[in-house]
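1. fold the following, please.
(chains A and B, ligands or ions: 1)
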Amino acid sequence: MSTNAFFNFESVTLPPETEALRREARSFLKENLPEREASERGRTWGGFDPQFTKKMAQQGWIGMTWPKRYGGHERTALERYVVLEEMLVADAPVGGHWIGDRQSGPLLLNFGTEEQRQFYLPRIASGEIYLCIGMSEPDSGSDLASVRTKAEKCDGGYRVNGRKLWTSNAHQSHYMIGLFRTHTDSENRHAGLSQFLVDLSLPGISIRPIPDMLGQSHFNEVTFDDVHLPEEALVGKEGAGWDQVNAELAFERSGPERYLSSYLLLVEAIRLIGKTPTQMQKQAVGRLVAHMMTLRRMSLSIAGMLHDGQDPRREASVVKDLGTAFEQELPRIVQSMIELEPTLATHDRYTELLSYFTQISPAFSLRGGTREILRGMIARSLGLR
Amino acid sequence: MSDLKKMIEETTDRLFADHVTPDVLKAGDEGVWQEDLWKKVEDTGLPRVLLDEDNGGANGDWQDAGVVIERCGYHGIPLPLGESIAANFLRAKSGQPIETDPTTIGIIRTDGDKQFAKRTPWARHVKSAMMALPSGGSITQINLEGLTIDHQSNMASEPRDDIELTTQSMESASSDNAMSEFNIMSIGAAVRAGQMAGALNRVLEMSVTYCNDRVQFGRPIGRFQAVQQQMAVLASEVAAASHAAQTAFEAMSQSGLDASADIAAAKIRTSEAAGKAADIAHAVHGAIGITQEHQLHYFTRRLRSWRVEFGSENYWAERLGQKVFSLGPDELWTSITENHLSIN
Ligand SMILES: Cc1cc2nc3c(=O)[nH]c(=O)nc-3n(C[C@H](O)[C@H](O)[C@H](O)COP(=O)(O)OP(=O)(O)OC[C@H]3O[C@@H](n4cnc5c(N)ncnc54)[C@H](O)[C@@H]3O)c2cc1C
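-> Next comes the predicted model:
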């Protein structure tokens, strides 16, 4: 019944072996999760902690599904899913390896050369190197195909000039996977784009963190001034960047992080209210939990599609749109449930968190593709465009 | 999908597609009992899908029943098929004889010195029903023949009758199973959630078709971005509601009526989607959509009624919320990842 003419949400039952893994993840977190400030915890998968990343790597929880010959662990997509969701609900600082594990690694497995796989994948899986995504630019946000940063063929490689913007974690990453224009075709904007692995320590690259309105620095402007890239930096085929980047976005949009960003606030609200909730509080929490249960099943269904080697792009756009709407309405609902003013610094964990999520939640439906763009994709699945 | 489930889905869909015609929907709306259609439904054994072969059943589980119930909603069949599946399940569970007549479920409450089963679905057309006795009593079979039945209906003109019980009708009913009113609410909520999933899918399909057919400003209206954005919201709501209903039926296949948290989540999610989806579908259809002649209302009126029957989203959210608070903040996630939390 949850498969209709437009979407295919098969239900997934987690195999029994994932139960032991879940217990392992929980006890690992109990022992290894550092004490942090409320707003630091609120960053969830944006949180950055090299030591924690190393420990995750030692557990074999980075690159879980990748082949062993590339430093992976040949576990299933569902096993990986269980580890991910446990990390997310515990607000573990997984930001260092998140991008490499989620999308750059799979991108290289799909399109990289043997040398690239052998060099990068084991280093990502061991928590040594971090990657970031260089797609957006000052004049190219939703309209990604309009990117202008140029990679021109030159002696022994490419010369890059231009600017990337909003690059999360660039200031703490070793490499970027950048989408650059290698060729200008006025007929077809989608042709002429290519992806490159960029060593961020190369001369000509400057990285400037852009503080967000809360004063936190997570995204950056990355400027390329005659940066020389070797031939081997090209990922996949020259000119095939558009198709590759879309395959990559499927990984970027399909995970449980797209509905769990503000879960912490719900937990803390339940803690604060305690054992004698009002009728309205019960109703509000019951409704949120029902939404969460449903989103989790849908998100698992997507993990099941990845597990079976199917393309979850259509379904992922639905779950990301519903999921980010959920993460965004959660602070508002929680606020109306407990009449406490959000504050900036009272050393009160709850009001600080409320303040953090109230302000930052608009970002949830911007990053990874905006609500309007996703809804456009859903409309396309309906055959309307 | 299991072979049985596929077979049941195909049989049901073919039967309903052939026989739940616009004329039947209209006649049902006018209160005409569809005896011929019931006979056909009865011949296929669908009301007994959950029973074992000794009881004339198909040996199906709740996932199979869910498919039938969902198709009921999709086609808007004006018969108590979902109710009969539920009542027969309760009969088998409490060892009472199975009927081939249409049947239903209800709750008896005391009002002064009288007993009523209010808003009982389809009561005027059934001979007996499975009902929860008042004040925490168990669930038992009640013979409705000869009782005073006040004809009421929901917004979709489906019978929702008030029955006045007599001492006699209650006395003949003796039963001491462990089930009670909450189980009627749960099984009823599961049926309505499944029907809503079906009706939601129907409303989505009708809206997509209309978006492609209706031309304004020289283009099909589905080409306008404002319409596309609304349709995307509709489609996502339908997807979430369907998945929630399916999850509940899966949980019930394993834990029966103990899967009450999944039933609650399904009723909450489908009810919420029902309101949003009906609004968007009507917005997209323009004026034609609110006419009697157009078929959309058969589904949106049902959605709006089913939304509140057997517990609105607030009713179920309160119960689910109560459970969450009693478990405490640090148990929330573990209880979500452990399947089939019970809120009985
Ligand atoms: C926290 C955060 C982290 C990020 N990290 C990264 C990163 O690591 N790497 C990276 O490359 N990018 C990153 N981004 C950028 C992100 O991908 C873009 O913000 C996003 O794609 C939208 O682009 P924009 O901000 O330029 O908005 P615009 O594209 O200018 O959109 C502004 C508004 O117009 C709407 N709009 C635009 N075009 C259309 C259309 N055709 N139809 C309807 N509405 C439209 C949008 O939906 C939006 O509401 C990040 C963003 C955020 C907020």
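2. ok, the closest residue to B:Leu46 other than its chain neighbours - contacts?
-> For B:Leu46, the nearest residue in space outside its immediate sequence neighbours is B:Val68; the separation is 5.5 Å by CB to CB, 6 or more residues apart in numbering or on different chains. Every residue, glycine included, has its C-beta placed from N, CA and C. B:Val68 makes contacts with B:8, B:12, B:46, B:49, B:81-82, B:85, as judged by CB atoms under 8 Å, 6 or more residues apart in numbering or on different chains.
3. show the contacting residues for B:Ser157.
-> B:Ser157 touches B:28-31, B:301, counting by CB under 8 Å, 6+ apart.
4. nearest to chain A, of those residues?
-> Nearest to chain A among those: B:Arg301, at 21.3 Å, using CB to the nearest CB.
5. send me the helix or strand hosting that closest one as PDB with only the CA atoms.
-> B:Arg301 belongs to helix B:296-306 when assigned by DSSP states H and E. The C-alpha coordinates for helix B:296-306 follow below in PDB (Å, rounded to 0.1, in the frame of the first residue of the first chain):
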ATOM      1  CA  LEU B 296     -13.800  14.000  -5.700                       C
ATOM      2  CA  HIS B 297     -16.200  14.600  -2.800                       C
ATOM      3  CA  TYR B 298     -16.800  10.900  -2.300                       C
ATOM      4  CA  PHE B 299     -13.200  10.700  -1.100                       C
ATOM      5  CA  THR B 300     -12.600  14.000   0.600                       C
ATOM      6  CA  ARG B 301     -15.800  13.700   2.600                       C
ATOM      7  CA  ARG B 302     -14.800  10.200   3.700                       C
ATOM      8  CA  LEU B 303     -11.300  11.500   4.600                       C
ATOM      9  CA  ARG B 304     -12.700  14.300   6.800                       C
ATOM     10  CA  SER B 305     -15.100  11.900   8.600                       C
ATOM     11  CA  TRP B 306     -12.600   9.000   9.100                       C
END
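6. list the helices and strands that helix packs on?
-> Where contact means 3 or more CB pairs under 8 Å, 6 or more residues apart in numbering or on different chains; DSSP states H and E, helix B:296-306 is packed against helix B:181-213, helix B:260-285.
7. so which bits of the stretch 201-350 of chain A are right by chain B?
-> Where the stretch 201-350 of chain A comes near chain B, counting by CB under 8 Å from any CB of the partner chain, the residues are A:266-268, A:270-271, A:273-275, A:277, A:279, A:281-287, A:289-298, A:301, A:315, A:318, A:321-322.
8. just the buried members of the residues you listed?
-> A:266-268, A:270, A:273, A:277, A:281-287, A:289-298, A:301, A:315, A:318, A:321-322 (16 or more other CB atoms under 10 Å in any protein chain shown).
9. now, these that are in helices?
-> Judged by DSSP state H, those include A:266-268, A:270, A:273, A:281-287, A:289-298, A:301, A:315, A:318, A:321-322 as members of helices.
10. tell me which helix or strand of chain A sits lowest on mean pLDDT?
-> Ranking every helix and strand in chain A by mean pLDDT, DSSP states H and E puts helix A:38-42 at the bottom, with a mean of 81.
11. could the C-alpha coordinates of the next helix or strand after that helix be exported in PDB?
-> Next helix or strand after helix A:38-42 toward the C-terminus (DSSP H and E): helix A:50-58. Output in PDB follows, covering the C-alpha atoms of helix A:50-58 (Å, rounded to 0.1, in the frame of the first residue of the first chain):
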ATOM      1  CA  PRO A  50      39.100  14.700  15.200                       C
ATOM      2  CA  GLN A  51      39.600  12.400  18.200                       C
ATOM      3  CA  PHE A  52      36.000  11.200  18.100                       C
ATOM      4  CA  THR A  53      36.400  10.600  14.300                       C
ATOM      5  CA  LYS A  54      39.500   8.500  15.000                       C
ATOM      6  CA  LYS A  55      37.600   6.400  17.500                       C
ATOM      7  CA  MET A  56      34.800   5.800  15.100                       C
ATOM      8  CA  ALA A  57      37.300   4.700  12.600                       C
ATOM      9  CA  GLN A  58      38.800   2.300  15.000                       C
END
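12. list the buried residues for helix A:50-58?
-> Result for helix A:50-58 [16+ other CB under 10 Å]: buried residues A:52-57.
13. then stretch A:14-23?
-> Within stretch A:14-23, the residues that count as buried by 16+ other CB under 10 Å are A:14, A:18, A:21-22.
14. just stretch B:329-344 next, same as before
-> B:329, B:332-333, B:335-337, B:339-341, B:343.
15. got the contact list for that stretch?
-> Contacts for stretch B:329-344 (CB under 8 Å, 6+ apart): A:22, A:85, A:89, A:266-268, A:270-271, A:289, A:292-293, A:296, B:182, B:251, B:254-255, B:257-262, B:264, B:319-320, B:322-324, B:327.
16. residues touching stretch B:292-302, excluding its own?
-> Contact with stretch B:292-302 is made by B:22, B:25, B:29, B:73, B:76, B:155-158, B:195, B:199, B:202-203, B:206, B:278, B:281-282, B:285, B:288-291, as judged by CB under 8 Å, 6+ apart.
17. ditto for stretch A:73-88
-> A:12, A:14-15, A:17-18, A:21-22, A:25-26, A:29, A:44-45, A:56, A:60-61, A:63-68, A:94, A:125, A:255-257, A:260, A:263, A:296, A:300, A:303-304, A:306-307, B:337.
18. distance from the chain centre to that stretch, please.
-> What separates the centre of stretch A:73-88 from the centre of its chain is 14 Å, taken as CA atoms, centre = their mean, to the nearest Å.
19. one more: stretch A:144-155?
-> With CA atoms, centre = their mean, you get 25 Å for stretch A:144-155.
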